[in-house]
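**Student:** Mind folding the following:
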Amino acid sequence: MANAGNEIAFKKETVAKLLTRSFKEDKTKVSSDAVVLVTEMLKVFVEEATRRAVKQASSEDCDTVDIEHFEKILPQLLLDF
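**Tutor:** Presented below is the predicted three-dimensional model:
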């Protein structure tokens, strides 16, 4: 994951490799459109997780987001996605 300013970005090559690791047949390929779509979904997921974790930390009067804040928002986040 690269971070240019506050922009979240994933390398398409990395996403493609992660997708193809679960394929049972070596002949199975992933299209470039699918990689773009999954990359965008990852970006949205990470942005939303960050936003919710920050909100959770803020509701607990914390200045920093800790793993506990992420763990608290994770169940609902996964249900929403």
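**Student:** so where's the longest helix in the chain?
**Tutor:** helix 32-59 (DSSP state H).
**Student:** Lowest mean pLDDT among the helices and strands, pick that one out for the chain.
**Tutor:** Taking mean pLDDT, DSSP states H and E as the measure, strand 2-4 is the helix or strand of the chain with the lowest mean score, a mean of 48.
**Student:** and the helix or strand just after that one, what does it pack onto?
**Tutor:** Using DSSP states H and E, the next helix or strand after strand 2-4 towards the C-terminus is strand 7-9. Packing partners of strand 7-9 (3 or more C-beta pairs under 8 Å, 6 or more residues apart in numbering; DSSP states H and E): helix 32-59. Every residue, glycine included, has its C-beta placed from N, CA and C.
**Student:** Could I get the average pLDDT for the helix it packs on?
**Tutor:** The average pLDDT within helix 32-59 is 95.
**Student:** The helix or strand just after it - contacts with which helices or strands?
**Tutor:** Sequence-wise, the next helix or strand downstream of helix 32-59 (DSSP H and E) is helix 67-80. On a contact count with 3+ C-beta pairs under 8 Å, 6+ apart, helix 67-80 meets helix 32-59.
**Student:** Please spell out which residues along the helix it packs on are buried.
**Tutor:** Neighbour counts over helix 32-59 (16 or more other C-beta atoms under 10 Å) mark 35, 38-39, 42, 49, 52-53, 56-57 as buried.
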